[in-house]
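1. take this sequence and fold it.
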Amino acid sequence: MFHLPMFTPEQVARVCENLEETGDIERLGRFLWSLPAAVPGTAAEALNRQESVMRARALVAFHGGNFEGLYQILQSHRFTRESHAKLQDLWLDAHYRQAERLRGRPLGPVEKYRIRKKFPLPRTIWDGEQKTHCFKERTRSLLREWYLQDPYPNPSRKRHLAQATGLTPTQVGNWFKNRRQRDRAASAKNRLQQDPSSLPPRARGRLPPGPPPPPRLAAGRLPLLLAAAPPQPGRQRL
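-> This next block holds a predicted model:
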């Protein structure tokens with residue numbers, strides 16, 4: 001059992017950070033529950049000022065299915081930007097899970113969009129910057145700059161970018177993969193517009209048909225319109 005008199009608020013915060021980094025949420029929950037419930041007012045205030053402690057409480061509440069407790073924690077403490085991405089994911093995932101329980105099935109993209117509109121991020125975990133396709137414009141700008149330098153970042157660069165943007169390495173990798181696919185599609189479209197013959201035969205067969213060729217005439221026959229044309233003035237008909 002852990003007892004608060006043995007730890008300063010700063011030490012409690014460091015323990016929470018270490019357990020959060022290891023991903024051992026069960027042990028993190030046991031540590032938080034072991035802290036005495038009745039602590040002096042100044043000690044409780046000191047703990048509540050430790051962001052890593054509040055973030056740990058939010059994580060434990062989420063993984064324990066205590067979503068109302070999670071919302072109360074996220075709305076009652078103003079977190080720094082470094083914690084925003086993770087806590088925003090908790091906020092949205094909790095609302096998604098509640099909706100899935102009510103519906104009894106997974107949510108589709110449209111339903112998730114409606115939930116995000118119905119339950120906007122609280123300003124305690126959001127700096128007010130508008131998002132585009134779930135990524136902030138500042139994040140998208142940074143990703144684009146790195147993409148121009150290296151469209152195929154290695155794992156080390158992905159981790160570095162994840163830290164700089166507040167995303168996960170998987171999110172960074174997916175963004176680069178999708179951007180490469182869009183660029184390849186745009187490049188293929190440009191090549192087709194410049195030179196349709198560059199397409200393979202099967203693809204060329206799907207192109208819209210051109211104008212019909214002129215009719216072929218049998219030997220010794222004139223086109224119907226030419227044969228029926230009236231004689232020109234001054235010339236005798238034979």
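2. quick one, phi/psi of Arg78?
-> In terms of degrees, to the nearest 10, the main-chain angles of Arg78 are phi -90, psi 110.
3. can you count the residues close to the nearest residue to it once chain neighbours are set aside?
-> The shortest distance from Arg78 to any residue other than its chain neighbours is 4.9 Å, reached at Thr124 (CB to CB, 6 or more residues apart in numbering). From N, CA and C alone the C-beta is placed, and that goes for glycine too. Neighbours of Thr124 under the rule other CB atoms under 10 Å: 15.
4. just Leu70 next, same as before
-> Neighbour number of Leu70 under other CB under 10 Å is 24.
5. before we move on, back to that, give me the pLDDT value at the residue nearest to Arg78.
-> Confidence at Thr124, expressed as pLDDT, is 95.
6. that one against Thr80, yeah?
-> No - using CB atoms under 8 Å, Thr124 makes no contact with Thr80, being 10.5 Å away.
7. check contacts around the residue nearest to Arg78.
-> Residues near Thr124 by CB atoms under 8 Å, 6 or more residues apart in numbering: 74-79.
8. before we move on, what about Pro153?
-> Pro153 neighbours (CB under 8 Å, 6+ apart): 146, 161, 172, 176.
9. so where do the helices sit in this structure?
-> Listed in chain order, the helices of the chain (DSSP state H) span 9-22, 25-34, 41-48, 51-63, 67-76, 81-103, 109-118, 137-149, 155-165, 169-194, 201-204, 224-227.
10. between the ones you listed, which gets nearest to Gly128?
-> With respect to Gly128, and counting by CB to CB, the nearest of the helices of the chain is helix 81-103 at 10.9 Å.
11. what packs against the closest one?
-> helix 51-63, helix 67-76, helix 109-118 (3 or more CB pairs under 8 Å, 6 or more residues apart in numbering; DSSP states H and E).
12. ranking those by burial, who's on top?
-> helix 51-63 (a mean of 22; mean count of other CB atoms under 10 Å).
13. from Leu70, how far off is Ile83?
-> Actually, residue 83 is Ser rather than Ile. Ser83 sits at a distance of 14 Å from Leu70 (criterion: CB to CB, to the nearest Å).
14. can you list the low-confidence ranges for this protein?
-> Counting by pLDDT under 70, the chain has low-confidence residues at 1-6, 36-43, 129-135, 196-238.
15. quick one on the thing from earlier: take the helices of the chain and lay them out in a markdown table including distance to Gly128.
-> Below are the helices of the chain laid out as a markdown table (distance: least, CB to CB, whole Å):
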| stretch | distance to Gly128 |
| --- | --- |
| helix 9-22 | 26 |
| helix 25-34 | 30 |
| helix 41-48 | 24 |
| helix 51-63 | 19 |
| helix 67-76 | 15 |
| helix 81-103 | 11 |
| helix 109-118 | 16 |
| helix 137-149 | 12 |
| helix 155-165 | 17 |
| helix 169-194 | 21 |
| helix 201-204 | 48 |
| helix 224-227 | 74 |
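16. deepest of those, which one?
-> Counting by mean count of other CB under 10 Å, helix 51-63 has the highest mean neighbour count of the helices of the chain, with a mean of 22.
17. gap between the nearest residue to Cys16 once chain neighbours are set aside and Ala46?
-> Leaving aside its sequence neighbours, Cys16 sits nearest to Ala56 (CB to CB, 6+ apart; 3.9 Å). Going from Ala56 to Ala46 by CB to CB gives 15 Å.
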